[in-house]
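Q: Got a predicted model here, sequence first, then my questions.
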Amino acid sequence: MKRGILGGTFDPVHSGHLVIAGSVKTQLGLDEVIFLPAGQPWWKDRKITAAEHRLNMLGLALKNQPYFKVSRAEIERTGPTYADETIAEMRRHFDPGDGLYFIIGWDVVAELPLWRDPARLIQLCRLAAVPRPGYPRPDLPSLEVKIPGLTNRLTMLGEPLVDISATNIRERVAEGLSIDELVPAAVAEYIRRHGLYLRKK
């Protein structure tokens, strides 16, 4: 079994996430992609939307997508969450020989030396990196010096190039603008029904 893990706050999940998951699944021949919503990421200085809402939106977005699944591994852990801990925990539920790819952006590859124990992370899984608009291809020789063995555990992908951001979606909602082209219809309706991302009066 070959699995991909796509982490993020998914605040909200959007069409770009689905495109990335589908494209990486096809390119790497994955059997499934697991969406991993964050609990309280150590790098986020803003308050993220309640886990219940983010999980509900993921459920709506992934409905009728049998190869996409959701993990509550980080949601159910208290305190800051770290990728190496989460992947280690998830590994315990898989067969030892299963292939595991942690899907990240080119921008995240460049930041890996700042992560907690990236050397452990690349022992636990392979990394699959997708491009992001406005970010150059990472300087792999420089990163290899800081994280020995990284290049052998990293697959650089040239697509998809997705220009959708959750930040922009939240801003559009706050300004009363449409997000119908940016998120699945059921997610847009959920956001409207629950009044998410509106400016506090």
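A: Cool, the structure landed. Keep in mind the model is a prediction, meaning the values are calculated, not measured.
Q: so where's the longest helix in the protein?
A: Criterion DSSP state H: the longest helix present in the chain is helix 15-28.
Q: which of the residues in that one are buried?
A: Within helix 15-28, the residues scored as buried using 16 or more other Cβ atoms under 10 Å are 15-25, 27-28. The C-beta positions use only the backbone N, C-alpha and C, and glycine is treated the same way.
Q: With stretch 181-188 instead?
A: Buried, per 16+ other Cβ under 10 Å, within stretch 181-188: 182, 183, 184, 187, 188.
Q: Kindly report the same for stretch 99-110.
A: For stretch 99-110, by 16+ other Cβ under 10 Å, it's 100, 101, 102, 103, 104, 105, 106, 108, 109, 110.
Q: Would you convert these into TSV that also reports distance to residue 2?
A: Listed next are these as TSV, based on distance: Cβ to Cβ, whole Å:
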residue	distance to residue 2
100	8
101	7
102	13
103	12
104	17
105	20
106	22
108	21
109	20
110	26
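Q: Cross the residues you listed against helices and list the overlap.
A: Filtering the buried residues of stretch 99-110 for helices - DSSP H - leaves 106, 108, 109, 110.
Q: JSON lines please, covering these and showing distance to residue 32.
A: Shown next, in JSON lines, are those (distance: Cβ to Cβ, whole Å):
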{"residue": "106", "distance to residue 32": "24"}
{"residue": "108", "distance to residue 32": "21"}
{"residue": "109", "distance to residue 32": "23"}
{"residue": "110", "distance to residue 32": "28"}
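Q: Now pLDDT and distance to residue 50 too, for those, in JSON lines please.
A: What follows is those, written out as JSON lines (pLDDT from 0 to 100; distance: Cβ to Cβ, whole Å):
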{"residue": "106", "pLDDT": "96", "distance to residue 50": "30"}
{"residue": "108", "pLDDT": "96", "distance to residue 50": "25"}
{"residue": "109", "pLDDT": "97", "distance to residue 50": "30"}
{"residue": "110", "pLDDT": "96", "distance to residue 50": "31"}
